[in-house]
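**Q** What would the 3D arrangement of this be:
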Amino acid sequence: MRSRFLGFCLAFLSLFFLQACSEKSEDTKSILYENTTHHFTLQLPKSWEGKYEVTETENQIIFSSKANQPGGILCEVRVWSQEEWKQDGEELTTVIHLEKIGETDDKVYSFSTPTDVQWILGDAEKEREYQAMFAEVPGIKASFQIKE
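**A** Numbering: from 1, shown residues only. Down below sits the predicted model:
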């Protein structure tokens, strides 16, 4: 009888612990950004929800702070042909905040951040929001994955 009670208590505690862990992971989940044109993904911080916008062109994907428009650029992924990268990209890595983050047989993926102020000057609240978002950019860069 006693071992049955202990078994019940352990099962209950296990369920309680699993529930608590799953609730915590829901709060820390990130936002998946998937680019089906260029076959890559990024994990954006959950704290960015509703605060960012994405602008996609043929070979650039720009993430910006909504509150700091115009401007507000936080980071950019650019997709280069191998030839373009050898001609221009490699040299740009020595001049601006540009880094190669991935490569396939025919493409090079780069990640860059702005070289100038991107928040609205004179608005401390918007500057704080931008700076908080920008502080999370290295984690976004680290989450880059090519999807075959």
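
**Q** where do the strands sit along the protein?
**A** Taking DSSP state E to define them, one finds strands in the chain at 31-35, 40-44, 52-56, 60-65, 73-81, 98-103, 107-112, 145-146.

**Q** Mind putting the ones you listed into CSV with mean pLDDT and distance to residue 90?
**A** (Each C-beta comes from the backbone N, C-alpha and C, glycine too.) Below are the strands of the chain laid out as CSV (pLDDT from 0 to 100; distance: least, CB to CB, whole Å):
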stretch, mean pLDDT, distance to residue 90
strand 31-35, 97, 23
strand 40-44, 98, 20
strand 52-56, 97, 24
strand 60-65, 98, 18
strand 73-81, 97, 10
strand 98-103, 96, 8
strand 107-112, 97, 9
strand 145-146, 97, 19
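
**Q** Of all those, which one is nearest residue 134?
**A** Across the strands of the chain, residue 134 has its closest neighbour in strand 73-81 (5.7 Å, CB to CB).

**Q** List of residues touching the closest one?
**A** Applying CB atoms under 8 Å, 6 or more residues apart in numbering, the contact partners of strand 73-81 are 35, 38, 40, 42, 52, 59-65, 88-89, 101, 106-114, 118, 130, 133-134, 137, 140-141, 144.

**Q** Who does that strand pair with, and is each partner parallel or antiparallel?
**A** When sheet partners are counted by DSSP bridges, strand 73-81 sits next to strand 60-65 (antiparallel), strand 107-112 (antiparallel).

**Q** so that strand versus strand 40-44, what angle?
**A** Relative orientation of strand 73-81 versus strand 40-44 (axes from the mean of the first three to the mean of the last three CA atoms, to 10 degrees): 170 degrees.

**Q** burial measure for residue 144, as a count.
**A** Residues lying near residue 144 (other CB atoms under 10 Å) number 15.

**Q** go on, residue 30?
**A** Counted with other CB under 10 Å, residue 30 comes out at 17.

**Q** my guess is it meets residue 47, correct?
**A** No - at 9.4 Å, residue 30 does not count as touching residue 47 under the criterion of CB atoms under 8 Å.

**Q** Can you name the residues that contact residue 111?
**A** 75-77, 98-99, 101, 141, 144.
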